[in-house]
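Colleague: got a predicted model here, sequence first, then my questions.
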Amino acid sequence: MSNMTADPSVTVCSADASAAPTHDLLRSKTVRLGESTLVRRLLPSLDRRMVGAWCFVDHYGPDEVAREPGMQVAPHPHIGLQTVSWLLDGEVHHRDSLGSDVVIRPGELGLMTAGRGIAHSEQSPDPHAPLLHGAQLWVALPDEDRASPPRFEHHVDLPVLRSPGMRATVLLGEVDGARSAGRVHTPLVGVDVELAAGADVRLPLEPDFEHAVLTVSGSPEIGGEPVDGPAPGLDVGALLYLGCGRRELRLRAETDSRFLLLGGVPFAGELVMWWNFVGRTGAEIAQARAAWQAEIAGADGPYGTVRGYEGDPLAAPALPPTPLRPRGRAARRT
């Protein structure tokens with residue numbers, strides 16, 4: 001999925017030195033994606049730039065798209081990251097410059113590793129389901145894997161943990177012995193947790209990871225241990241940052257609820273994020289943009305052509321007037 005912001009800001013990210021558990025509710029902003037989809041952007045934000053290697057989180061829907069085109073994102077480039085497509089309702093047709101041509105449905109993992117460069121498009125099929133609801137997430141690649149060959153994985157049989165009142169699908173990483181087949185490059189985890197009304201369970205966590213929770217339906221109660229105090233229900237679209245140092249997480253729900261748990265070892269190093277690129281320096285980002293613009297004008301380049309898409313690719317926005325340079329990761333609170 002693309003970052004469609006017309007004037008994308010420069011985001012520089014680095015590891016957080018704090019290792020203590022916390023219970024911080026993070027703010028989102030609304031962004032238009034493609035022709036008709038509005039998303040809640042939760043990472044990066046003014047309060048936090050990353051959770052482990054997770055560096056970008058969009059939550060969209062549920063949207064009624066029976067009489068709408070649904071998701072329509074033209075071919076665009078990526079470098080230095082993995083995209084994670086996760087659907088709760090509806091379906092998305094993924095095409096990329098490797099020749100991948102796949103319809104992703106709820107419960108299936110679409111995992112695209114950009115490496116040194118890839119282009120892809122995402123569309124609601126025609127015809128498509130009446131509802132569209134999901135999350136698009138990016139994972140930053142570490143230095144040693146940023147120039148790796150691009151690849152795409154589509155996993156339809158993911159491991160599921162079950163306990164009374166809970167069903168948890170492991171998208172990436174491992175939880176309580178259940179490991180996803182999705183290939184990752186840093187220690188991290190992603191889990192889709194469904195809670196039935198009245199559930200009161202505990203989910204084991206890796207204490208070296210920092211974690212966050214994104215509510216997608218209902219109003220789950222997350223935490224509630226002495227370090228947190230009372231655990232009020234979380235509204236849909238809220239991102240709750242939990243910090244590091246937890247070995248388990250108490251989960252409760254008065255009504256049917258669902259959330260995504262994201263976590264990982266705090267990311268080492270700094271990132272410059274601009275438009276659909278994740279790099280280390282402003283010069284690298286400028287070079288990636290120039291290569292894409294040259295390609296859509298007809299030159300050969302690192303990204304390649306998305307076959308089967310009818311329409312023009314997205315042009316990159318203009319670079320900001322100030323140099324793209326690292327500025328540090330400190331959260332800004334108001």
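Modeller: Noted; the coordinates are in hand.

Colleague: can I get stretch 183-198 as PDB, trimmed to CA atoms?
Modeller: Below are the C-alpha coordinates for stretch 183-198, written out as PDB (Å, rounded to 0.1, in the frame of the first residue of the first chain):
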ATOM      1  CA  ARG A 183      10.000 -14.600   6.700                       C
ATOM      2  CA  VAL A 184      11.200 -11.700   8.900                       C
ATOM      3  CA  HIS A 185      14.600 -10.000   9.200                       C
ATOM      4  CA  THR A 186      14.500  -8.800  12.900                       C
ATOM      5  CA  PRO A 187      12.900 -10.400  16.000                       C
ATOM      6  CA  LEU A 188       9.200  -9.300  15.900                       C
ATOM      7  CA  VAL A 189       5.700 -10.500  16.300                       C
ATOM      8  CA  GLY A 190       2.200  -9.700  14.800                       C
ATOM      9  CA  VAL A 191      -0.900 -11.300  16.100                       C
ATOM     10  CA  ASP A 192      -4.700 -10.900  15.300                       C
ATOM     11  CA  VAL A 193      -6.500 -11.600  18.600                       C
ATOM     12  CA  GLU A 194     -10.300 -12.200  18.800                       C
ATOM     13  CA  LEU A 195     -12.000 -12.100  22.200                       C
ATOM     14  CA  ALA A 196     -15.500 -13.400  22.900                       C
ATOM     15  CA  ALA A 197     -17.700 -11.500  25.300                       C
ATOM     16  CA  GLY A 198     -16.700 -12.200  28.800                       C
END
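
Colleague: who's Val73 bridged to?
Modeller: On the basis of DSSP bridges, Val73 takes part in beta bridges with Glu122.

Colleague: what are the ranges of the helices in the stretch 201-334 of the chain?
Modeller: The residue ranges that make up the helices of the stretch 201-334 of the chain, judged by DSSP state H, counting those that start in this stretch, are 282-296.

Colleague: which residues in it form strands?
Modeller: Along the stretch 201-334 of the chain, the stretches classed as strands by DSSP state E, counting those that start in this stretch are 210-217, 221-222, 239-243, 248-252, 257-264, 271-274, 277-279.

Colleague: turn those into TSV, including mean pLDDT.
Modeller: TSV is the format used below for the strands of the stretch 201-334 of the chain (pLDDT from 0 to 100):
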stretch	mean pLDDT
strand 210-217	94
strand 221-222	92
strand 239-243	93
strand 248-252	95
strand 257-264	97
strand 271-274	93
strand 277-279	95
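
Colleague: dump those strands to a markdown table, plus mean neighbour count and distance to Gln72.
Modeller: For the C-beta atoms, the positions are set from N, CA and C on the backbone; glycine is no exception. Below are those laid out as a markdown table (neighbours: other Cβ atoms under 10 Å; distance: least, Cβ to Cβ, whole Å):
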| stretch | mean neighbour count | distance to Gln72 |
| --- | --- | --- |
| strand 210-217 | 24 | 22 |
| strand 221-222 | 24 | 34 |
| strand 239-243 | 23 | 26 |
| strand 248-252 | 19 | 36 |
| strand 257-264 | 25 | 24 |
| strand 271-274 | 24 | 23 |
| strand 277-279 | 24 | 22 |
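
Colleague: just put those in CSV and tack on distance to Ala53.
Modeller: Listed next are the strands of the stretch 201-334 of the chain as CSV, based on distance: least, Cβ to Cβ, whole Å:
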stretch, distance to Ala53
strand 210-217, 10
strand 221-222, 21
strand 239-243, 15
strand 248-252, 20
strand 257-264, 5
strand 271-274, 10
strand 277-279, 10
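
Colleague: so which of those is nearest Pro77?
Modeller: Among the strands of the stretch 201-334 of the chain, the nearest to Pro77 by Cβ to Cβ is strand 277-279 (7.4 Å).

Colleague: for that closest one, name the packing helices and strands.
Modeller: Packing contacts for strand 277-279, counted by 3 or more Cβ pairs under 8 Å, 6 or more residues apart in numbering; DSSP states H and E, involve strand 72-78, strand 271-274, helix 282-296.

Colleague: so Gly107 versus Glu174, what's the distance?
Modeller: Going from Gly107 to Glu174 by Cβ to Cβ, to the nearest Å gives 18 Å.

Colleague: oh sorry, the question was meant for Ile118
Modeller: 26 Å.

Colleague: same check on Ser97?
Modeller: Between Ser97 and Glu174 the computed distance is 31 Å (Cβ to Cβ).

Colleague: same question, Leu161
Modeller: Plainly put, Leu161 is 11 Å away from Glu174 if you go by Cβ to Cβ.

Colleague: by mean pLDDT, point me to the weakest helix or strand of this protein.
Modeller: Of the helices and strands making up the chain, the lowest-confidence element is strand 11-13, at a mean of 42, by mean pLDDT, DSSP states H and E.
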